[in-house]
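S.K.: The following comprises the amino acid sequence and a computationally predicted model.
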4 protein chains.
Amino acid sequence: MSAPCNCTHADSQSLTNTNKSFQHLSPELQKQYSDPQHPANLICELCRLFYDNNWVTGTGGGISIRDVEGSNPNLVYIAPSGVQKERIQPWEMFLVELPDEKLLQTPNDIPKELTKSYKYKPSACTPLFMSCYKMRDAGACIHTHSQNAVMITLLLEGQKEFKISHIEQIKALPKLKYNEETKKVEKIGSLEYYDTLTIPIIENTPHEEDLTDSLQEAIRNYPGTSAVLVRRHGIYVWGETVWKAKVYNEAIDYLLELAIKMRQTGIPLVKNTST
Amino acid sequence: MSAPCNCTHADSQSLTNTNKSFQHLSPELQKQYSDPQHPANLICELCRLFYDNNWVTGTGGGISIRDVEGSNPNLVYIAPSGVQKERIQPWEMFLVELPDEKLLQTPNDIPKELTKSYKYKPSACTPLFMSCYKMRDAGACIHTHSQNAVMITLLLEGQKEFKISHIEQIKALPKLKYNEETKKVEKIGSLEYYDTLTIPIIENTPHEEDLTDSLQEAIRNYPGTSAVLVRRHGIYVWGETVWKAKVYNEAIDYLLELAIKMRQTGIPLVKNTST
Amino acid sequence: MSAPCNCTHADSQSLTNTNKSFQHLSPELQKQYSDPQHPANLICELCRLFYDNNWVTGTGGGISIRDVEGSNPNLVYIAPSGVQKERIQPWEMFLVELPDEKLLQTPNDIPKELTKSYKYKPSACTPLFMSCYKMRDAGACIHTHSQNAVMITLLLEGQKEFKISHIEQIKALPKLKYNEETKKVEKIGSLEYYDTLTIPIIENTPHEEDLTDSLQEAIRNYPGTSAVLVRRHGIYVWGETVWKAKVYNEAIDYLLELAIKMRQTGIPLVKNTST
Amino acid sequence: MSAPCNCTHADSQSLTNTNKSFQHLSPELQKQYSDPQHPANLICELCRLFYDNNWVTGTGGGISIRDVEGSNPNLVYIAPSGVQKERIQPWEMFLVELPDEKLLQTPNDIPKELTKSYKYKPSACTPLFMSCYKMRDAGACIHTHSQNAVMITLLLEGQKEFKISHIEQIKALPKLKYNEETKKVEKIGSLEYYDTLTIPIIENTPHEEDLTDSLQEAIRNYPGTSAVLVRRHGIYVWGETVWKAKVYNEAIDYLLELAIKMRQTGIPLVKNTST
Ligand SMILES: [Zn+2]
Ligand SMILES: [Zn+2]
Ligand SMILES: [Zn+2]
Ligand SMILES: [Zn+2]
């Protein structure tokens, strides 16, 4: 992994898009994107981090952030489809408003100097991200093609769940419970060391958007989960805020990496505590 | 992998060649190399990235870019041979013009202050790169000594193809088809999740330039491929533009890495869908 | 691993907390945190390094430094609990004074502009860190969730010690001996190549603070150790100064990584020298 | 691996030693160390790179450069012993003159503000480095504790040579031959793809300096080698210049990494070409 660079300059700009690019934007957008904590900038920062971790190789994977700390927490920023994730710029995001997913802004509106008339499409994961927002009030949703995620689904071919217990890192994940009154899944604490973390595995489909039904079904059937594995494809992870989603994703990938090593040396993933 | 540094300064300069070096260049060249999107600068940037990925260890591997977005799309930039790829400078490139491969510029012409009289030779891959340009209208060609590429050819000793199917990352690669009318291989979309990606494997030869015949034969025999594996050596990958070539190369290396892990745990690379 | 960035600016600031943040601090604190060698800054620097090494994924692990070179060597800086270690800031530390562990400063005292009213808690490792300071006069204590540490404890299930001998890197670790007169464990040199490095393994507990008793017991029973492994959890490593602790931790992790590879290929960790 | 940072500032300074440190040096030394190509600076740069590659974990390993391009090519710079290699500074080097190894400069002479009275010792590898300079006219000598080097010597327990053939990367290494007239080993080209690279393995000794005899014997017995493996310890690699030594070391480590994978999957390291 790669800690954030300590430089205080140029947070929101990639190597090949120098400051000059900003000049093509309206003063309003320039101001917006000068805040490194703006969701559009955080998407760029995290995509670079995920690229360094081999989670978004090529143009795979993606991330979406809901502006839960902003004045309108219904605003959702989504990275575009088919672009190199480590090189996206804040002005390349799609912006939609919940609950109707009304499209407020697209990168196709911005000055041609910046886009070279490239025709952007929102990430194919969009309906999946929306499911996490609507069904779980998520603040951010991460999708990676992590090799650990793909490998564990190959090793668990035919099984519908990944389970692991008795590893300290499990405690990084939230304990969730369906509240009969509010009809919502709510966080009631963190998983304990001896708890079994269970992540459902759904089968991949030829088109990413066709995963929506089975992802929603998995979210419904597993009120305790913060993630869904997609066989031969990758993983979806969400959290209350972008930072929680990041931490959950890191902790899960750590556990998947460890689980693969455990399988390879014949160590059971769930500890038999009856003996 | 290593996302581009966010610094806005000094894109095209290595640690050991400070800004002062530029002063030895003609004003025209200085202006040229001040554009980070110039093919010569992109070669430097990508070589540093490939070095971080262990794809061009020592002085191995290389990259060439055709200036498809420039005023003369027949111009081809080629990194020199036998130099440390992560330290090359924009003025160290060879420049040739297609279709005759007329040599327009060599790093041996530039001021001695910059080269210390080092005698440059164009990459030994040059005839191989040219084959990709001529036979496939490529915009860039990448050659790496990736350990994943070498290992898969060792694991597939005696076999002439690498095949993999039913992995999401396959969709990052182009679907190509020979067009009977234009007599050209054309991109007609992307591979589907359930498609089988096939990459031919050719045998290595003592001298890199002697690979040309078998590489050309493989390109002819596999109109659907964007890459050729060279046994006990590495891989050649090309694309319509430098960024496409980069994305294809990343996606293929991801698939090769996964394939090695799959082989090691007895998981078939091509999914049997008849059962 | 990731060598320190060469930039001379902004040592103590993360990507998402620009220089402006400093302005909220008192002039006294501003001055303090402008010294990159200040323990609070070193904690930030090392946490970023440990994150790059996958030792503090998510919010796991931590580090504490006693100000052994400062005017009051009883001052101990402790990173907060449950935060992303690669993003902590110097003003987010807890400061306690030995031997009574009197709390002198908490990040909850600092301007709300910096903390967004986040309610900090000291690391759950605090009593464990304190054990190292009190029982061993340590100058710093590191706790990681290193996969190598976890894996070796899984491979050595049922065993209470990790042992390795005849590897050059062992010489990086100190030779310690209990001094009957001073009643203290003292460094009497470095381990030799042919010495056996022994690290005790204790069992994990649901709550990190409950490890204190067994950690203290291990420290008492193993006067020669500079580290304690915690099964299915990670490792605690300490040293006379922060840099010694860092070096010991690196050397031990190197040896654990090697030991896992040796086990996987059937090479005994302790060389049989009788044959 | 980690390509050199593109920043043009502060090449020769670590995170924790800002520019101010330079002010303690004499104007002459300040001028010297302002050249990033100065051997003392190159040692610092390469140590940071080797640290990123896990080759000099803790305080292990080291590097020495002979100033072959300077006015006195008998000057040899040597990194100090027992310090963190990624943090050394140009003024921390020992400087000796060949052939008598006369000590010209030690870091113990420099201003106390820089060293905090730390008592430096030259690297324990010094007599080994000197052997490479004297017996082979080397321009630089690298010593790492690379896990690949250690692992291959463990896998080849009882054998006195590492051999590999028919891998393209072998061509990065020099073909050397003893010249009966000059009584020197001279470079006569590069190894060919089908050549067998042979690196002798010597047994480790409790004290690094005691390796000298067996290292010299190996150098004498293997006129074709540019490296010596030390069982359970690491590797020594040398070259005509610092950059050649770096390239050879990278190529050898690549081959060792590949060889370990080949052994683990039962692929012979030397290809049987008789069948
Ligand atoms: Zn996907
Ligand atoms: Zn090659
Ligand atoms: Zn812990
Ligand atoms: Zn050594």
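M.R.: In hand now; what should we look at? Numbering: from 1, shown residues only, chains lettered A, B, ... in the order given. Ligands and ions are numbered 1, 2, ... in the order given.
S.K.: where exactly do the strands run in the stretch 151-275 of chain A?
M.R.: A:161-165, A:174-179, A:184-190, A:196-202, A:227-230, A:234-239 (DSSP state E, counting those that start in this stretch).
S.K.: Only alpha carbons, please: show the second one as CSV.
M.R.: Translated: strand A:174-179. Taking Å, rounded to 0.1, in the frame of the first residue of the first chain, the C-alpha atoms of strand A:174-179 are listed here in CSV:
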residue,chain,number,x,y,z
PRO,A,174,-18.9,-3.3,11.8
LYS,A,175,-21.5,-5.3,13.6
LEU,A,176,-24.8,-4.6,11.9
LYS,A,177,-28.4,-5.5,12.8
TYR,A,178,-31.8,-5.1,11.2
ASN,A,179,-33.9,-2.8,13.3
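S.K.: helices or strands next to that strand in the packing?
M.R.: Strand A:174-179 is packed against strand A:184-190, with contacts defined by 3 or more C-beta pairs under 8 Å, 6 or more residues apart in numbering or on different chains; DSSP states H and E. For glycine as for every other residue, the C-beta is placed from the backbone atoms N, C-alpha and C.
S.K.: average pLDDT across the strand it packs on?
M.R.: Averaging pLDDT along strand A:184-190 gives 95.
S.K.: okay, the angle between it and strand A:174-179?
M.R.: Note on geometry: by axes from the mean of the first three to the mean of the last three C-alpha atoms, to 10 degrees, strand A:184-190 and strand A:174-179 are set 140 degrees apart in direction.
S.K.: buried ones in strand A:184-190?
M.R.: residue A:185 (16 or more other C-beta atoms under 10 Å in any protein chain shown).
S.K.: Identify the neighbouring strands of that strand in the sheet and state each direction.
M.R.: With DSSP bridges as the test, strand A:184-190 is paired with strand A:174-179 (antiparallel).
S.K.: Looking at the stretch 51-200 of chain A, what residue ends up closest to chain D?
M.R.: residue A:52 (11.2 Å; C-beta to the nearest C-beta).
S.K.: Quick check: that residue touching residue B:49?
M.R.: No. At 10.9 Å, residue A:52 does not count as touching residue B:49 under the criterion of C-beta atoms under 8 Å.
S.K.: Neighbour count: the two, which is higher?
M.R.: Neighbour totals were compared for residue A:52 and residue B:49, and residue B:49 leads with 22 against 18 (other C-beta atoms under 10 Å in any protein chain shown).
S.K.: Which residue, other than its chain neighbours, is closest to the residue of the stretch 51-200 of chain A closest to chain D?
M.R.: Residue nearest to residue A:52 in three dimensions, not counting chain neighbours: residue A:2, with 4.0 Å by C-beta to C-beta, 6 or more residues apart in numbering or on different chains.
S.K.: Same question for residue A:74.
M.R.: residue A:98 is the one closest to residue A:74 (C-beta to C-beta, 6+ apart), at 4.3 Å.
S.K.: give me the number of residues near the one you found?
M.R.: By other C-beta under 10 Å, 15 other residues sit near residue A:98.
S.K.: residues contacting it?
M.R.: A:66, A:74, A:75, A:76, A:130, A:133, A:134 (C-beta atoms under 8 Å, 6 or more residues apart in numbering or on different chains).
S.K.: how close does the residue lying closest to the third one once chain neighbours are set aside sit to chain B?
M.R.: Taking C-beta to C-beta, 6+ apart, and ignoring the residues beside it in sequence, residue A:75 has residue A:67 as its nearest neighbour in space, at 4.4 Å. Noted for residue A:67: a distance of 23 Å to chain B, by C-beta to the nearest C-beta, to the nearest Å.
S.K.: Verify the stated contact: residue A:67 with residue A:78.
M.R.: No. The criterion here is C-beta under 8 Å, and residue A:67 misses it with residue A:78 at 11.9 Å.
S.K.: Comparing those two, which residue is more hemmed in?
M.R.: Using other C-beta under 10 Å as the criterion, residue A:67 and residue A:78 rank with residue A:78 on top: 25 against 19.
S.K.: what are the phi and psi angles of that one?
M.R.: The phi and psi values for residue A:78, taken as degrees, to the nearest 10, are phi -130, psi 130.
S.K.: OK, now which residue of the stretch 51-200 of chain A is nearest to chain C?
M.R.: Closest point on the stretch 51-200 of chain A to chain C, by C-beta to the nearest C-beta, is residue A:168, at 3.8 Å.
S.K.: Tell me the spacing between that residue and residue B:65.
M.R.: As judged by C-beta to C-beta, to the nearest Å, residue A:168 and residue B:65 stand 48 Å apart.
S.K.: The two: who's more crowded?
M.R.: residue B:65 (28 against 20).
S.K.: Quick check: mean pLDDT of the strand or helix carrying that one?
M.R.: Secondary structure from DSSP states H and E places residue B:65 in strand B:62-66. Strand B:62-66 shows a mean pLDDT of 95.
S.K.: pull the CA atoms of it into PDB?
M.R.: Extracted C-alpha coordinates of strand B:62-66, given in PDB (Å, rounded to 0.1, in the frame of the first residue of the first chain):
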ATOM      1  CA  GLY B  62      10.900  -1.200 -23.700                       C
ATOM      2  CA  ILE B  63       8.200   0.900 -25.200                       C
ATOM      3  CA  SER B  64       7.600   2.700 -28.500                       C
ATOM      4  CA  ILE B  65       4.900   5.300 -29.300                       C
ATOM      5  CA  ARG B  66       3.600   6.300 -32.600                       C
END
